[in-house]
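[1] Just need the structure, nothing else, for what follows:
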Amino acid sequence: MRAEDVSAVLAVECAAYEFPWTEGIFKDCLRVGYCCWVGEADGAVVAYGIMSVAVGECHIFNLCVHPDWQGRGQGRRLLRHLLSVALKHKADTAFLEVRVSNAGARSLYASEGFCEIGTRRNYYPAHKGREDATVLARELRGLESVSAGLL
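    Presented below is the predicted three-dimensional model:
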């Protein structure tokens, strides 16, 4: 992701989420040096992922696919790419949060080896108050041998 991608990334965010991140948040992620990637199809940004990597861990902050492109493998490809990048940065564990109600994302993460390790109460904004997040994690050890096949 580059600064010139932010408007396209924001459009994906707004199409996918009722409570989207702001343009400023995306710019801040780039400014502080998070691992920020876009997924493209037909010459357009259709997905993005943002992750931090430090002290042997990665934390996936946001992985989003435009609703028109969901179910076509974009999220899985981007997730695998992020994990590959985390390995290159010597991370051995990946963490993320997902809305309790987001069955599609939860299924994707489970199929990629993520396990539930906790709950963050009232983590996400919702129309009627707040929604819990499920905290997921997966070890990256052993993934090194297959990382070439991730993409």
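[2] Need the residues that contact stretch 128-144.
    58, 83, 86-87, 91-101, 106, 109, 112-125, 150 (Cβ atoms under 8 Å, 6 or more residues apart in numbering). From N, CA and C alone the C-beta is placed, and that goes for glycine too.
[3] How far off centre is that stretch?
    In terms of Cα atoms, centre = their mean, to the nearest Å, the centre of stretch 128-144 is set 10 Å apart from its chain centre.
[4] what's the answer for stretch 121-128, then?
    With Cα atoms, centre = their mean, you get 19 Å for stretch 121-128.
[5] Now do that stretch, average pLDDT.
    Averaged across stretch 121-128, pLDDT comes to 94.
[6] mind listing what's buried in that stretch?
    Buried residues in stretch 121-128, counted by 16 or more other Cβ atoms under 10 Å: 123-124.
[7] Show me where the protein has its strands.
    Here the chain has its strands, by DSSP state E, at 35-41, 44-54, 57-65, 93-99, 115-126, 129-139.
[8] which one of these lies closest to residue 11?
    strand 44-54 (7.8 Å; Cβ to Cβ).
[9] Nearest the middle, which residue of the chain would you pick?
    For the chain, the residue nearest the mean C-alpha position is residue 63 (2.4 Å; Cα atoms, centre = their mean).
[10] For stretch 77-94, what is the distance to the chain centroid?
    For stretch 77-94, the distance to the chain centre is 11 Å (Cα atoms, centre = their mean).
[11] Rounded mean pLDDT for it, please.
    Model confidence over stretch 77-94, given as mean pLDDT, is 96.
[12] Can you point out the buried residues in it?
    77-87, 91, 94.
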